[in-house]
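**Q** Next comes the sequence, and after it the predicted model I'd like to discuss.
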Amino acid sequence: MPPASEVPNRDTDTVRRVVRWFEGNGRTLPWREAADHAWGVLVSEVMLQQTPVARVLPLWREWMARWPSPEALAGASPAEAVRAWGRLGYPRRALRLRECAAAIVRDHQGQVPCEESVLRALPGLGDYTAAAVVSFAFGTRTAVLDTNVRRVIARVWGGEALPPGHTTRAERVRALALVPDDPKESVRWNIGAMELGALVCLSRNPRCDECPIQDRCAWLDAGRPGLGVRTTPRQPWHGSDRQVRGRILALLREASAPINLTEHASLENVDPGQLDRCLESLVADGLARLVSAEQGTFGL
DNA sequence: TAAACGTGGTA
DNA sequence: TTACCAAGTTT
C-alpha cells in the first residue's frame, strides 16, 4: 500500500457533482436502458473494448437480436461469430465472446456470474470488463478503471495530462478511494466518470469550459501542462502484419466458400513470406481454417 | 513486461 | 496526408 499521503480525501462533493452532471448530460445508450440485462451489458462491454460507441451500436443490436442469451451464442459456430463481428475490429474478441458464452452455459447454468473474480476468469474479460459488468449490471460497489476514468482522475486529482501507459497500483488505490460507499451511488460515479471522460475530459482536446468540476481540477489549475506530449510510440500501420491480417479476414468474411489466398488477386502486392506468416497466425488464432493445402484454400 | 492485436473517424 | 485515438486483453 502507498503511504496515506498519496491517498486523497474522499472528495465526496466533487464525486457528487460528476453524478449530477451525468444525470443531465449522459447519453441514453441501449445497454444502459436495460441495465438489468447482464448479458447485454457484458456483450456491450466486450464490443466497446478499444472501440468507439458509434461503431458498436448497430452491431450490438444485431447480436442481441440474434443471440439474446449466453445459451444462444454458445450454440453459434466460431465462423458465424467472426462473420457477425464484421468490421468492429480485433476479431479475436468475437471468438472469446463466444467462448465466454459457452463457459457461462457450462459452468454457470447459463447465468452471467455476478462476482467480479468469477467474471474475470472468463475468456475475453479482463480487469476493466469484469468490474464494468458487476457495477453496471449488478450494482455492486467496485472501481471501474477504463481509459476515461483514469484520465479524469489523473487530471483532477493528479494534475497530470494523461495517466501512465499501464494501470498502476497507486491509480487503483486512488480510484477505489473515490468510489462512494453506497452501491447505487458507486454505479452512478463509475458511469458518470466514464461519460465525463468520453464527452468532456477528452484526451486531445478537452472541453474544460464545459466541465462540471473545472474548479476542482488540479491539472486545469496548473495550466493544463503536458498536453500533446507523446507517450508511447505507435507501430507503423502500412504494410504491417495487422493490416495484412485484416485484409485477409475481410476476404474470408465475404466469401461464402473456401477461397485461395496464396494466389489471390487482391493480395498480389503482399510479400509471400508475410502472407504465409499471417495466414499461419490467423489459423493459430482460430480465425481462419486451412481447407486444402494443395489448393491453398482457406475459410473461416 | 512489452508487444501484438483491427478499424475507421477526425484534425 | 499522417497521426492520433476509441469503454482492453492476452501472451
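**A** Arrived safely.

**Q** now the residue of the stretch 201-300 of chain A found nearest DNA strand B: how far from A:L57?
**A** Of all residues in the stretch 201-300 of chain A, A:G246 sits closest to DNA strand B, with a separation of 1.8 Å (CB to the nearest atom of the strand). Every residue, glycine included, has its C-beta placed from N, CA and C. Look at A:G246 and A:L57: by CB to CB, to the nearest Å, they are 21 Å apart.

**Q** what residues are up against the residue in the stretch 1-150 of chain A that DNA strand C sits nearest to?
**A** The minimum distance from the stretch 1-150 of chain A to DNA strand C, using CB to the nearest atom of the strand, falls at A:G126 (2.4 Å). A:G126 sits next to A:R120 when contact means CB atoms under 8 Å, 6 or more residues apart in numbering.

**Q** make it 10 Å
**A** By CB atoms under 10 Å, 6 or more residues apart in numbering, the residues touching A:G126 are A:46, A:49, A:119-120.

**Q** mind checking the SS state of the residue positioned nearest the centre of chain A?
**A** Central residue of chain A (CA atoms, centre = their mean): A:Q49, 1.5 Å from the mean position. Assigned with DSSP: H, G, I helix; E, B strand; the rest coil, A:Q49 falls in the coil class.

**Q** So what does it have for phi and psi?
**A** Its backbone dihedrals place A:Q49 at phi -60, psi 110, with angles given as degrees, to the nearest 10.

**Q** any idea how far A:R55 is from the residue nearest to it when sequence neighbours are not counted?
**A** The shortest distance from A:Q49 to any non-neighbouring residue, by CB to CB, 6 or more residues apart in numbering, is to A:R93 (6.5 Å). Between A:R93 and A:R55 the computed distance is 13 Å (CB to CB).

**Q** Could you do A:P91 as well?
**A** Where A:R55 is concerned, A:P91 sits at a distance of 14 Å (CB to CB).

**Q** So those two - more neighbours on which side?
**A** Taking other CB atoms under 10 Å, A:P91 and A:R55 do not tie; A:P91 has more neighbours (24 against 15).

**Q** what's the pLDDT at the more buried one?
**A** pLDDT, the model's per-residue confidence, is 98 for A:P91.

**Q** got the contact list for it?
**A** Counting by CB under 10 Å, 6+ apart, A:P91 makes contact with A:81-83, A:85, A:245-246, A:249, A:252-253, A:282, A:285-287, A:300.

**Q** Of those, keep whichever come out buried.
**A** Burial by neighbour count, judged by 16 or more other CB atoms under 10 Å, picks out A:81-83, A:85, A:245-246, A:249, A:252-253, A:282, A:286-287, A:300 from the contacts of A:P91.

**Q** What residues sit buried inside stretch A:290-300?
**A** For stretch A:290-300, the neighbour count (16+ other CB under 10 Å) marks A:296-300 as buried.

**Q** Those into CSV, with extra columns for secondary structure, pLDDT and distance to A:K184?
**A** Listed next are these as CSV, based on DSSP: H, G, I helix; E, B strand; the rest coil; pLDDT from 0 to 100; distance: CB to CB, whole Å:
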residue, secondary structure, pLDDT, distance to A:K184
A:G296, coil, 88, 58
A:T297, strand, 95, 55
A:F298, strand, 97, 50
A:G299, strand, 96, 49
A:L300, coil, 95, 44
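
**Q** Which of the residues you listed sits closest to DNA strand C?
**A** When the buried residues of stretch A:290-300 are compared for distance to DNA strand C, the smallest value, 19.4 Å, is given by A:L300; criterion: CB to the nearest atom of the strand.

**Q** Would you confirm that that closest one contacts A:L261?
**A** No - A:L300 is not in contact with A:L261 according to CB atoms under 10 Å; the separation is 11.9 Å.

**Q** and for those two, which residues touch both?
**A** Looking at what touches both A:L300 and A:L261 (by CB under 10 Å, 6+ apart), the common residues are A:252, A:255, A:282, A:288.

**Q** Looking at those, spot the one nearest A:D13.
**A** Taking CB to CB as the measure, A:D13 lies nearest A:L282 of the shared contacts of A:L300 and A:L261, at 52.0 Å.

**Q** how many neighbours does the closest residue to that closest one other than its chain neighbours have?
**A** Nearest residue to A:L282 in three dimensions, chain neighbours excluded: A:A288, at 3.9 Å (CB to CB, 6+ apart). Residues near A:A288, counting by other CB under 10 Å, number 24.
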